[in-house]
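In: okay, structure incoming, though there's no sequence with it:
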C-alpha cells in the first residue's frame with residue numbers, strides 16, 4: 001500500500017503542475033482580454049474625440065460658407081399648433097440653399113409688415129429645434145393677448161401677426177441665427193435645462209441637440225406650465241426621456257386641472273424652484289440654462305447663488321418687459337433728477353425733457369415719434385444698440401452681453417445725465 005501511495009506522488013505533482021500552468025494561462029488570457037478591452041475602449045474614446053473635433057470644425061466651416069448678412073427670404077413650409085396659443089412655424093430658405101448650423105439656444109430675427117403699421121417691425125424668436133436640420137428652421141411662438149388686468153392694451157403685435165396672418169407658402173424676412181444664450185457643444189459637463197411656458201423654446205433646442213448627438217452628457221430638463229393645456233411637446237419630451245438614459249425630464253404643473261394626472265401628465269404639482277431642484281438633483285454641480293419670465297429668472301438666479309452655484313455656471317435668457325429684469329448693480333436716476341434731464345436724438349435733431357414714467361430710452365423715442373430699431377426688447381438681441389455721443393446711462397435690465405464702451409442697448413437703458421444719442 002505504501003508503495004502504491006509513493007507511486008502516486010509523481011502523478012499528483014504532475015497534475016498539480018498542469019493545473020498551475022492552466023491557471024497561469026487562464027489568468028494570462030484574462031489579462032490579455034482586459035488589456036485588449038482597455039485598448040479598444042481607449043481607441044473608441046480617441047475616435048469619439050477626433051470625431052467631435054472634426055464635427056465641430058465642419059460646423060464652423062459650414063457657418064462660414066452658408067452664413068448670410070442682413071435679411072434673407074424664407075418661406076413658411078408648415079405651421080403646427082402645439083397648444084391653443086403656441087404655434088410652431090417651419091421655415092425654409094426661399095433660394096433653396098443649405099442653411100448654416102447654429103448654436104442650440106440661439107434665436108432668429110424677423111422683419112414683418114403688420115397691416116396698419118407705417119414701417120416694418122422687428123422681433124426676435126428663439127429657435128425651438130436642434131441644428132441638425134440643414135434644410136429648415138423652426139420657431140415656436142406664443143400668441144400674446146392683452147394684459148389680464150388691462151384689456152384695452154393692444155395684444156402682442158408681431159406674435160398675433162404670425163398667428164393670424166402668416167400662412168403656409170408666405171414669404172418672410174429673416175436674419176441669420178444669433179445670440180449669446182447657448183450651450184457649449186464641445187463639453188460633456190452635466191447640465192440642467194429649465195424653461196417656463198414658451199420659455200421652453202431655447203432649452204428644447206439644447207435638449208434636442210444633446211439627444212440627437214447620442215451624447216452621454218448628464219441632462220436634467222425641467223418644464224414649468226400651469227396645466228396640460230399649456231404643456232407643449234408632451235409626447236416628444238416623453239419619447240426623449242424614454243430613449244436616452246442620460247436624460248431626465250421633469251414636468252411641473254403649478255395649477256393642475258382635475259383631469260390632469262400626476263405621474264402621467266406631470267411629476268410635481270408646484271412651480272419650478274430651487275427648493276425643488278434641491279430635492280431632485282443629486283447635487284448643485286451643474287451648468288444651469290434658464291429661460292422664462294423676468295421675475296422667475298431673477299428668483300432662480302438669487303436662489304441658485306444662495307445654494308452655492310457660481311454665477312459663471314448660471315446662463316439665462318428672459319423674455320417680456322425688460323424693466324422687470326432688474327440689474328442690482330446700478331440704479332436708475334431718481335424722479336426728481338430725471339425731471340431736468342435733457343435727451344437729444346442727434347439724427348432727428350430733437351431734444352426733449354426725459355419722462356421718468358417711461359421705462360427705457362427706446363420707449364421714450366417711440367412715444368415721441370423717433371424711429372429706432374428694436375427686436376427682443378429685453379436686452380438680448382442687440383438690435384437697439386445705439387451710440388452715446390455724450391452723457392451717461394443706467395441699465396434697468398441686465399444685458400445678455402455687455403455692449404462696448406460708448407454705446408448702449410436702448411431697450412433697457414435710462415439716462416443718468418443729459419444725454420445725446422445717435423438716433
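Out: Received, thanks. Computed from a prediction, not measured in an experiment: that's the story for all the values here. Numbering: from 1, shown residues only.
In: each with direction, which strands does the longest strand seen in the chain pair with?
Out: Identified as the longest strand of the chain according to DSSP state E is strand 72-81. Applying DSSP bridges, strand 72-81 is found paired with strand 86-93 (antiparallel), strand 171-178 (antiparallel).
In: ranking those strands by burial, who's on top?
Out: When you average the neighbours per residue for each of these (mean count of other Cβ atoms under 10 Å), strand 86-93 leads with a mean of 20. C-betas here are computed from N, CA, C, even on glycine.
In: tell me what whichever helix or strand comes after that strand is packed against?
Out: Next in sequence after strand 86-93, counting helices and strands by DSSP states H and E, comes strand 107-112. In terms of contacts (3 or more Cβ pairs under 8 Å, 6 or more residues apart in numbering; DSSP states H and E), strand 107-112 is packed against strand 121-126, helix 157-165, strand 171-178.
In: and those, which one is worst for confidence?
Out: For those, the stretch scoring lowest in mean pLDDT is strand 121-126; its value is a mean of 91.
In: what's the span of stretch 377-388 from first residue to last?
Out: The first and final residues of stretch 377-388 sit 19 Å from each other (Cα to Cα, to the nearest Å).
In: now do the buried residues in that stretch.
Out: Residues of stretch 377-388 classed as buried: 377-384, 386, 388 (neighbour count, 16 or more other Cβ atoms under 10 Å).
In: and what of stretch 201-218?
Out: Result for stretch 201-218 [16+ other Cβ under 10 Å]: buried residues 201-213, 215, 217-218.
In: kindly report the same for stretch 392-407.
Out: Buried residues in stretch 392-407, counted by 16+ other Cβ under 10 Å: 393-400, 403, 407.
In: tell me the one of those nearest residue 113?
Out: residue 400 (26.7 Å; Cβ to Cβ).
In: quick one: pLDDT of that closest one?
Out: 67.
In: same check, this time on residue 375
Out: Looking at residue 375, its pLDDT stands at 75.
In: and for it, the neighbour number?
Out: By other Cβ atoms under 10 Å, 23 other residues sit near residue 375.
In: for it, pull up the helix or strand it's in.
Out: Judged by DSSP H and E, residue 375 forms part of no helix or strand.
In: per-residue pLDDT of the closest residue to it other than its chain neighbours, please?
Out: Ranked by Cβ to Cβ, 6 or more residues apart in numbering and with sequence neighbours excluded, the top spatial neighbour of residue 375 is residue 383, at 3.5 Å. The pLDDT attached to residue 383 in the predicted structure is 81.
In: again with residue 12
Out: Listed pLDDT for residue 12 reads 67.
In: next: residue 23.
Out: According to the per-residue confidence, residue 23 scores 77 in pLDDT.
In: burial count for it?
Out: Applying the criterion other Cβ under 10 Å, we find 10 residues in the vicinity of residue 23.
In: and the gap between it and residue 34?
Out: With distances taken as Cβ to Cβ, to the nearest Å, residue 23 is found 16 Å from residue 34.
In: residue 364 now?
Out: Per Cβ to Cβ, residue 364 is found 72 Å from residue 34.
In: out of those two, which sits in the busier spot?
Out: Ranked by neighbour count (other Cβ under 10 Å), residue 364 and residue 34 place residue 364 first, with 22 against 10.
In: got the contact list for residue 117?
Out: Taking Cβ atoms under 8 Å, 6 or more residues apart in numbering as the definition of contact, the neighbours of residue 117 are residue 157.
In: any idea how the protein splits into domains?
Out: For the chain, the structural domains run 72-178, 191-320, 335-421, going by automatic domain parsing.
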